[in-house]
Structure formats: C-alpha cells, structure tokens
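*Asks:* here's a sequence, model it:
(one chain, ligands or ions: 1)
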Amino acid sequence: MTSPATAKPTTASSTANNAPIPFIDLAAQRARIGARIDEKVLDVLASCRFVNGPEVGAFEEQLAAFAGAKHAVSCSSGTDALALLLMAWGVKAGDAVFCPAFTFCATAEVVPYVGATPVFVDVKADTFNMDPESLEQAIAVAVEQGLTPRVVIPVDLFGQPADYDAILPIAEKHGLKVLCDTAQGFGGTWNNKRTGSIGDATATSFFPAKPLGCYGDGGAILTDDAELVTVLKSLREHGQGVDKYQNVRIGMTARLDTIQAAVLIEKLAIFEEEIAARDRVARRYNELLKDVATVPVVDARATSVWAQYTIRLAPGVRDGLADKLKAQGVPTAVYYRLPMHLQPAYKHYPSAGAILPVCETLAEEVISLPMHAYLDETTQDRIVAAVKQALAEG
Ligand SMILES: *Cc1c(COP(=O)(O)O)cnc(C)c1O
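*Replies:* Prediction:
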C-alpha cells in the first residue's frame, strides 16, 4: 500500500535527507508562538512577581474552563499533583491504591510517599489502559491482605482516556476515590467529557514533552470539589492556614512558577488546534502502517491527544527496528520496557495476579514513533518508509 506521498522518487536530496528527525519538535512550536511567549516571560521578569504572580490565577481559570472542571489548582509537577491529592484525602499506611502496572513510575511512586500500598492492575491489550476485570481482582487481593481499598488511579495512557464507564461503577461499589492521571491525556475526551472533568479529581503534568507542556516542570489538579481545593491550596504552601505564617497541616512547596503560568497561557490558546493536528498525524500513521504493524486503537467513546504514537510488533522485532531507524536519523522510544510490578523498587508490592500477562506482553512488543503537532507529511513519509524498509529486511 503506497500513498501518492510515499511514491516520491529517491533523489539526491532525499538520500542526503538523513538529518535526525526530532522525536518531539518543541522548536517547531517555538517558531510559531515563541516570540509571543518570550514577551510574556519578559513581562513576568520585569514584574519580579516570580511566585504567585497574577498569571498563575489567570491560567488556573483558563485551564478549568478548558477542561470543563469547576476548579484548577496549579502545582509544581504532575507527580506533586498526584501526591497532593493523596495527602488531601488522608490516604495513609494500611490503605491500598490501585495503579495500572503499564505506566510511568510517578503514578505509583506517590503512594508510598503517604505510607500507603500500591496494588498493580493489568491493562487491556487494545487501548493499553486499566483493565476493569483486573481492577476487581486487585481489590480482592488487597482485602485478602488486610489493606483498605481507598483510591484507584486510572491512567489515560499515551493520550487516550481510560474506560471510565467500567471503572467509575467499580470505584463506587467499593467506596474508592477516582484519581485520574491524565499527565498524558489532558485535552482528550470520554463520552464528550474532557479529561479533568471525570472522577473525583484529575492530576496532570506540564512537563515539556507532554501534549500541553511548559518550559520546565509544572502540573495541575482539576476538580469540582471546592473543599478539596481549599485543602490543596494549603498543602501546596506548607499547609498554610489564614496566612503563610499559620500552619494548619503538614504540607510542601509545590507551586507553579509565574513564568511557567505565562508560558502555559500562550500554549493553551493554541492547544485545541494542536490536538487536531496530532490527531491528523496519528490517523495518517494508522493508514500508512496498518498493514505492517498493530496500530493503536481508540475506543469509540474516546478521543486521544496522542501523547505517544505506539505500535506493536511481533516479540523480538522491536529492538532491531529501533537500531535500523536510528541509523537513518529516525528516533524511537519504548514506553514501557519494564512494567511497574517487575521494577526493582516496586516488585514487593501486591498485584492483581501472580503475573500481569497483558502488561508483560506489551512490554516486549511496543515501540513509539515521532509524534507532535508539527510533524509534516514529508517527514512522516520518511519515517514510514524507514519503518517499512526495516521490517521488510526482517
Ligand atoms: C509524566 C507523567 C507523570 C508525572 O509528571 P511530572 O510532571 O513529570 O512529575 C505522571 N503520570 C504519568 C502517566 C506521566 O506520564
């Protein structure tokens, strides 16, 4: 299957065109809105309001409106967003928090911070997201071990919301809080609801490589719960009470810098367009690659923001492909080579079963290709051609 765009003759220039392709092209976005961002950052520098400047509150309002949530509380990172929520809910030793095993470590890392126990759940082979049946099994395991089930953290992996139609009723049945980890999925939808407006609260990240990233570390919590917001705002400022010098609880320093809020205001303004562009890139990849690889599937109830474009290949094929692509200037990444329940720092924690078969299979088969809103068709064709050639060589 060759599209007109891939049928270009090999010319001297396209042979010379072995220049490295960026995995995520942050410079392309700067070429578009960099001047505007720099101006806003300079305004913050001139104001000297580096912490809690007016941009922070303005960004929080815009973020909540974008997500369809009543409140947004910005903070220092996605990891701190998760941690602040567990602290605010009083999650503690003896409590079980259910996390997918196929995720970035931060999802589970925050659980031992508060003394609680992460319990690992398998994922579904088609969407890579939390498997509701495995969640039920994990809850049974936790109870058997004398733990109190408290929170489930569904992850919107690679940009696609988890199966909230299945997870929310399970959480309700067992009295669990639902903390959505949408660090990769912010801007996506489930039944036409944006991530950030689902569950009890949502944590997201503005790490530069995320779909909505800033120029350093940053994060936010979204929720409709006004009381929770009061506690979160206190926790992110050393547990402050009526003012900074009254401490009513043990908190931390977890604010979003004013400069980052200024950057994010400009980026949020074009985010919707970028999401549409990412979706075009992903659909085109699907069309061009569906005959040579297992391409990603988006649930009919969901839209993805494509934090990653991840294909599956037969076991044993991936690493050779990565080497061949690298030699041609095409970067790839493997998310995730080792699931959480097999990680040295986490393998002693409980899991839904003795093995988590889907996570363990995916870990052998997945590979992610360059993905961002500014990936033009010529570059994408070069990536696709390199993938096809490498796979054909075997
Ligand atoms: C990136 C990420 C986080 C952590 O965000 P940071 O801002 O890097 O702390 C948490 N969960 C998932 C699923 C992520 O991808």
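*Asks:* residue in the chain nearest to the ligand?
*Replies:* residue 78 (2.5 Å; C-beta to the nearest ligand atom). Quick note: C-beta positions are derived from backbone N, CA and C, even for glycine.
*Asks:* show me what the nearest residue to that residue once chain neighbours are set aside bridges to in the sheet.
*Replies:* Excluding the flanking residues, the one nearest residue 78 by C-beta to C-beta, 6 or more residues apart in numbering is residue 205, at 2.5 Å. Here residue 205 sits in beta bridges with residue 219, going by DSSP bridges.
*Asks:* for residue 205, give me its contacts.
*Replies:* The neighbours of residue 205, taking C-beta atoms under 8 Å, 6 or more residues apart in numbering as the test, are 77-79, 81, 183, 218-219.
*Asks:* list phi and psi for residue 105.
*Replies:* Main-chain torsions, residue 105, degrees, to the nearest 10: phi -50, psi -30.
*Asks:* related to what we said a few turns ago, isn't the residue of the chain closest to the ligand up against residue 106?
*Replies:* Yes - in this structure, residue 78 is within contact of residue 106 by C-beta atoms under 8 Å, at 6.3 Å.
*Asks:* so for these two, which residue has more residues nearby?
*Replies:* residue 78 (28 against 21; other C-beta atoms under 10 Å).
*Asks:* hey, what's in contact with both of residue 78 and residue 106?
*Replies:* By C-beta under 8 Å, 6+ apart, the residues touching both residue 78 and residue 106 are residue 183.
*Asks:* state the mean pLDDT of stretch 173-187.
*Replies:* Stretch 173-187 comes out with an average pLDDT of 98.
*Asks:* that one and the ligand, any residue contact?
*Replies:* Yes - applying C-beta under 6 Å from any ligand atom, one finds stretch 173-187 touching the ligand at 181, 183-184.
*Asks:* looking at the residues you listed, state which has the most neighbours.
*Replies:* residue 181 (30 neighbours).
*Asks:* nearest spatial neighbour of residue 220, skipping sequence neighbours?
*Replies:* In space, and not counting its chain neighbours, residue 220 is closest to residue 74: 4.7 Å by C-beta to C-beta, 6+ apart.
*Asks:* torsion angles phi and psi at the one you found?
*Replies:* Dihedral pair for residue 74: phi -80, psi 160, per degrees, to the nearest 10.
*Asks:* before we move on, back to that, which of the contacts of residue 205 sits closest to residue 304?
*Replies:* Checking the contacts of residue 205 against residue 304 with C-beta to C-beta, the nearest one is residue 183 at 13.9 Å.
*Asks:* returning to that earlier point: and the residue nearest to residue 78, what pLDDT?
*Replies:* 98.
*Asks:* which stretches of the stretch 251-394 of the chain form strands?
*Replies:* 302-303, 309-312, 366-369 (DSSP state E, counting those that start in this stretch).
*Asks:* turn those into a markdown table, including mean pLDDT.
*Replies:* Formatted as a markdown table, the strands of the stretch 251-394 of the chain follow (pLDDT from 0 to 100):
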| stretch | mean pLDDT |
| --- | --- |
| strand 302-303 | 98 |
| strand 309-312 | 98 |
| strand 366-369 | 98 |
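*Asks:* including mean neighbour count and distance to residue 279, could those go into JSON lines?
*Replies:* Output for the strands of the stretch 251-394 of the chain, formatted as JSON lines (neighbours: other C-beta atoms under 10 Å; distance: least, C-beta to C-beta, whole Å):
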{"stretch": "strand 302-303", "mean neighbour count": "22", "distance to residue 279": "7"}
{"stretch": "strand 309-312", "mean neighbour count": "23", "distance to residue 279": "11"}
{"stretch": "strand 366-369", "mean neighbour count": "22", "distance to residue 279": "15"}
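*Asks:* in a markdown table: these, plus distance to the ligand.
*Replies:* Compiled in a markdown table, these are given as follows (distance: least, C-beta to the nearest ligand atom, whole Å):
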| stretch | distance to the ligand |
| --- | --- |
| strand 302-303 | 16 |
| strand 309-312 | 13 |
| strand 366-369 | 12 |
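*Asks:* returning to that earlier point: and the residues of stretch 173-187 next to the ligand, which is closest to residue 58?
*Replies:* Nearest member of the residues of stretch 173-187 next to the ligand to residue 58, counting by C-beta to C-beta, is residue 183, at 22.4 Å.
*Asks:* quick check: that closest one touching residue 203?
*Replies:* Yes - Residue 183 lies in contact with residue 203 (C-beta under 8 Å); the separation is 6.9 Å.
*Asks:* common neighbours of those two, please.
*Replies:* With contacts defined as C-beta under 8 Å, 6+ apart, the residues shared by residue 183 and residue 203 are 78, 219.
*Asks:* kindly report the residues of the stretch 51-200 of the chain close to the ligand.
*Replies:* So far as C-beta under 6 Å from any ligand atom goes, the stretch 51-200 of the chain lies against the ligand at 77-79, 103-104, 106-107, 155, 181, 183-184.
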